[in-house]
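Visitor: I would like to see how this sequence folds:
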Amino acid sequence: MDMLDDLQGLFARLREPAETRVLIITGAGRGFCAGADLKDSRIDRADASLYGTAAAHLINIQKKYADRILEMRRLPQPIIAAVNGPAAGGGMCLALASDVIITGESAAFTPSFINIGLSGGELGSSYFLPRAVACPGPRKS
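Guide: Predicted structure coming up:
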């Protein structure tokens with residue numbers, strides 16, 4: 001959740017006229033992004049009372065993630081995802097929403113949100129994934 005807040009601030013600054021011409025997103029350490037921290041108390045369903053119902057709570061969290069993807073696509077600067085390891089769930093979607101994806105040998109993409117029943121929380125991956133893996137040209141025989 002902290003990363004989402006940081007990204008929101010960054011994207012807001014990048015929308016203003018600035019000298020930044022390109023944005024490169026990468027992970028620190030051995031991975032790109034593991035996605036949502038399901039142990040974060042702000043995601044925990046126990047805090048659902050803050051929003052009235054568990055469903056409203058999950059919709060609010062989903063909207064926060066989805067808004068970052070929309071903000072990425074609205075930036076005037078191209079975004080490069082340098083995927084240096086596992087990109088899971090929301091992390092995979094951040095990479096897929098980028099304009100260019102550069103992968104290292106340890107890169108791996110996992111739509112882990114499916115494993116917890118968040119098929120509606122796919123953050124545009126069903127749109128971006130086919131475009132990212134489209135054949136770039138003729139195949140060698």
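Visitor: Can you give me the distance of residue 6 to residue 115?
Guide: Separation of residue 6 from residue 115 (CB to CB, to the nearest Å): 26 Å. Every C-beta, even on glycine, is put in place using the N, C-alpha and C of the backbone.
Visitor: How about residue 100?
Guide: Using CB to CB, residue 100 is found at 28 Å from residue 115.
Visitor: OK, contacts around the residue nearest to the spatial centre of the chain?
Guide: Closest residue to the average C-alpha location of the chain: residue 94 at 2.5 Å, with CA atoms, centre = their mean. By CB atoms under 8 Å, 6 or more residues apart in numbering, the residues touching residue 94 are 25, 33, 68-69, 72, 81, 87.
Visitor: rerun at 6 Å
Guide: Neighbouring residues of residue 94 by CB atoms under 6 Å, 6 or more residues apart in numbering: residue 33.
Visitor: again with residue 63
Guide: Taking CB under 6 Å, 6+ apart as the test, residue 63 contacts no residue whatsoever.
Visitor: and it, what element?
Guide: Assigned by DSSP states H and E, residue 63 belongs to helix 54-74.
Visitor: What's the mean pLDDT across that helix?
Guide: Helix 54-74 shows a mean pLDDT of 82.
Visitor: And stretch 34-50, by the same measure?
Guide: Averaging pLDDT along stretch 34-50 yields 61.
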